[in-house]
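# Next come a sequence and a model predicted from it.
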Amino acid sequence: KNEVEQSPQNLTAQEGEFITINCSYSVGISALHWLQQHPGGGIVSLFMLSSGKKKHGRLIATINIQEKHSSLHITASHPRDSAVYICAVGSYMEYGNKLVFGAGTILRVKS
Amino acid sequence: ETGVTQTPRHLVMGMTNKKSLKCEQHLGHNAMYWYKQSAKKPLELMFVYSLEERVENNSVPSRFSPECPNSSHLFLHLHTLQPEDSALYLCASSQMTGLDTGELFFGEGSRLTVL
């Protein structure tokens, strides 16, 4: 079993729909990251959170430490939101910290 | 200047060639990373440099050789690669603390094809 599991693996939505992507993890973490990767490869950090909830524009990320679960929500989805969304958790190492990545969720928003 | 710049964006090389990937960060971060992304697989951490000292070498074959001459520059030297090494190689930087990696800032990646 992977240390970081994302669901769904693939998601197709209609423009305007509310979207939820889930991330479950099995290791102790210092923080959880949500990343966005567009075709062509570049990755952008969306959120880094260790408790509660964060909001940026139409994106909302929540984390439940007790349940080891996080969700990324996109409100009023748009075709430009089409990308791969990656969950990563920071786990403790002797030198500090490293990230463990989920496999990603491929999102396609149709107009 | 963009935060993290990688060159070249695309590289095709034969198995006997020697080439290098370059990464430069303009964010004043204290940590730099090399990641490998193969098709349909999660990002794999290859190397981490913190304050120019290598702190993680994630069982990477010796045909990949990293170099971090200063806190702003990171190289990945490639020699006698195999076709299965074809992948997207991503550089990232962050302000690492004792508690966590900090937010990662990625370059656009270098798409490597080994013939």
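Okay, I see it.
# Up against chain A, what does chain B have?
Applying C-beta under 8 Å from any C-beta of the partner chain, we find that chain B lies next to chain A at B:37, B:40-43, B:45, B:48, B:50, B:55-56, B:88, B:90, B:92, B:96-109, B:111. (C-beta placed from N, C-alpha, C; glycine too.)
# any idea where the strands of chain A begin and end?
A:4-7, A:10-14, A:19-25, A:31-37, A:43-49, A:52-56, A:59-64, A:69-74, A:83-93, A:96-101, A:105-110 (DSSP state E).
# looking at those strands, which has the lowest confidence?
Ranked by mean pLDDT, those bottom out at strand A:96-101, with a mean of 77.
# In PyMOL, how would I select the buried members of the residues of chain B next to chain A?
Applying 16 or more other C-beta atoms under 10 Å in any protein chain shown to these, the buried members can be selected in PyMOL as follows:
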select buried, chain B and resi 37+42+43+45+48+50+55+56+88+90+92+96+100+101+102+103+104+105+106+107+108+109+111
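# pLDDT score assigned to the closest residue to B:G14 other than its chain neighbours?
Once flanking residues are discounted, B:G14 sits nearest to B:L115: 5.4 Å by C-beta to C-beta, 6 or more residues apart in numbering or on different chains. Each residue has a pLDDT score; the one for B:L115 is 91.
# just A:G102 next, same as before
A:G102 carries a pLDDT score of 92 in this model.
# List the contacts of the nearest residue to A:I43 once chain neighbours are set aside.
Spatial nearest neighbour of A:I43, chain neighbours left out: B:F106 (4.0 Å); criterion: C-beta to C-beta, 6+ apart. Applying C-beta atoms under 8 Å, 6 or more residues apart in numbering or on different chains to B:F106 gives the contacts A:35, A:42-45, B:4, B:90-92.
# repeat that for 10 Å
A:35, A:37, A:41-45, B:3-4, B:6, B:23, B:33, B:35, B:43, B:90-94 (C-beta atoms under 10 Å, 6 or more residues apart in numbering or on different chains).
# what's the burial count for A:I65?
13 (other C-beta atoms under 10 Å in any protein chain shown).
# Got the phi and psi for A:S77?
Main-chain dihedrals, A:S77, degrees, to the nearest 10: phi -60, psi 150.
# hang on, it packs against A:I21?
No. If you go by C-beta atoms under 10 Å, A:S77 and A:I21 don't touch, sitting 11.3 Å apart.
# intersection of neighbour lists for these two?
Shared contacts of A:S77 and A:I21, counting by C-beta under 10 Å, 6+ apart, come down to A:11, A:107.
# Please name the nearest non-neighbouring residue to A:G40.
That would be B:E108: by C-beta to C-beta, 6+ apart, it lies 7.2 Å from A:G40.
# mind checking which helix or strand that neighbour is in?
Element membership for B:E108 (DSSP states H and E) is empty, with no helix or strand holding it.
# looking at it, it is touching B:C91, isn't it?
Yes. Counting by C-beta under 10 Å, B:C91 is a contact partner of B:E108 at 9.2 Å.
# How about the residues of chain A by chain B?
With C-beta under 10 Å from any C-beta of the partner chain as the criterion, chain A comes near chain B at residues A:2-4, A:6, A:9, A:29-31, A:33, A:35, A:37-38, A:40-48, A:50, A:86-88, A:90-104.
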